[in-house]
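>>> Below are the sequence and a predicted model; questions follow.
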Number of protein chains: 2
Amino acid sequence: MSHHLLLVAHGSRRESSNDEVRALVDQLRQRQRRQFSQIDCAFLELATPSIPEGLRHAIECSASRITVMPYFLVAGRHVVEDIPAEVDSVRQQFPGVKIEITDYFGAQPAVFDVLLQASTAD
Amino acid sequence: MSHHLLLVAHGSRRESSNDEVRALVDQLRQRQRRQFSQIDCAFLELATPSIPEGLRHAIECSASRITVMPYFLVAGRHVVEDIPAEVDSVRQQFPGVKIEITDYFGAQPAVFDVLLQASTAD
């Protein structure tokens, strides 16, 4: 089974901001423990690849399962409505591929620990 | 010296998303080691208080120094242009108050560790 990870960020008109996400994905590829056959990123808006493009690319690369992780801090409309809608549009076209959306990044309890740490440093 | 922390998030039309930020701030207040006299949040758009409102509130509460922390994952235009512009507009009105902006949250190296951990859990 080929299990891909798609990290989905908001996307920015500032290309260096999108590159920051691409660099994170590069680091993940180097550091993760071979759970995922492939790791890529996609953007909700303002940058490419879009979510459908990212999902289709994974499917072209033989993904049989794709985990979409929203790289967002809070569960606003992008997380609750927009990303699921984009994912659904592709899911319906490829019923043989298991596409799931994980909790958004900010839901990780460790995020608070980082914030606490960051707010204590001066 | 009264040193305040203002955590600045994007803001959402989804009020529960803004409440998530307010709850984070509540937790920070309970857990932080008395570095800040007061901790509050403000929103760049779509929610209140706005950044100028948050800064003015801190100043009304006798802040002589305010640390603004952008609660954003990547350095898009909101972080690089919009938040500094909002802060500048208030800074000019209160030259006696030291208002500084820290690195955005996603610049914390530990954020990558959380992402790595989150992407390894299944």
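Cool, got the structure.
>>> A strand includes residue A:86, no?
No - secondary structure assignment (DSSP: H, G, I helix; E, B strand; the rest coil) places residue A:86 in helix, not in a strand.
>>> Who are the contact partners of it?
By Cβ atoms under 8 Å, 6 or more residues apart in numbering or on different chains, the residues touching residue A:86 are A:44, A:50-52. For every residue, glycine as well, the C-beta is placed using N, CA and C.
>>> Now do the helices in chain A.
A:15-31, A:51-60, A:77, A:83-91, A:109-120 (DSSP state H).
>>> when you compare where the last one runs with where helix B:15-31 runs, what's the angle?
If you take axes from the mean of the first three to the mean of the last three Cα atoms, to 10 degrees, helix A:109-120 sits at 60 degrees to helix B:15-31.
>>> Could you list the low-confidence segments of chain A?
A:121-122 (pLDDT under 70).
>>> If we use 50, what do you get?
Counting by pLDDT under 50, not a single residue of chain A qualifies.
>>> Determine which stretch of the helices of chain A is the most buried.
Of all the helices of chain A, helix A:51-60 carries the top mean neighbour count, a mean of 19, counting by mean count of other Cβ atoms under 10 Å in any protein chain shown.
>>> hmm, that helix in reach of chain B?
No - counting by Cβ under 8 Å from any Cβ of the partner chain, chain B has no neighbours in helix A:51-60; the shortest distance is 14.8 Å.
>>> Can you give the contact residues for that helix?
A:4, A:6, A:8, A:38, A:40-44, A:49, A:66, A:68, A:83, A:86-87, A:89-90, A:94, A:97, A:99.
>>> If any of these are buried, put those into a PyMOL selection.
Typed into PyMOL, the line below selects the buried ones among these, using 16 or more other Cβ atoms under 10 Å in any protein chain shown:
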select buried, chain A and resi 4+6+8+38+40+41+42+43+44+49+66+68+83+86+87+90+97+99
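>>> neighbours around residue A:33, how many?
The burial count assigned to residue A:33 is 8, neighbours taken as other Cβ atoms under 10 Å in any protein chain shown.
>>> which residues does it contact?
Residue A:33 makes contact with residue B:120 under the criterion Cβ under 8 Å, 6+ apart.
>>> Need phi/psi at it.
Backbone geometry at residue A:33, expressed as degrees, to the nearest 10, gives phi -90, psi 50.
>>> separation between the spatially closest residue to residue A:101 that is not a sequence neighbour and residue A:81?
Closest residue in space to residue A:101, ignoring its immediate chain neighbours: residue A:68 at 4.6 Å, by Cβ to Cβ, 6 or more residues apart in numbering or on different chains. Separation of residue A:68 from residue A:81 (Cβ to Cβ, to the nearest Å): 14 Å.
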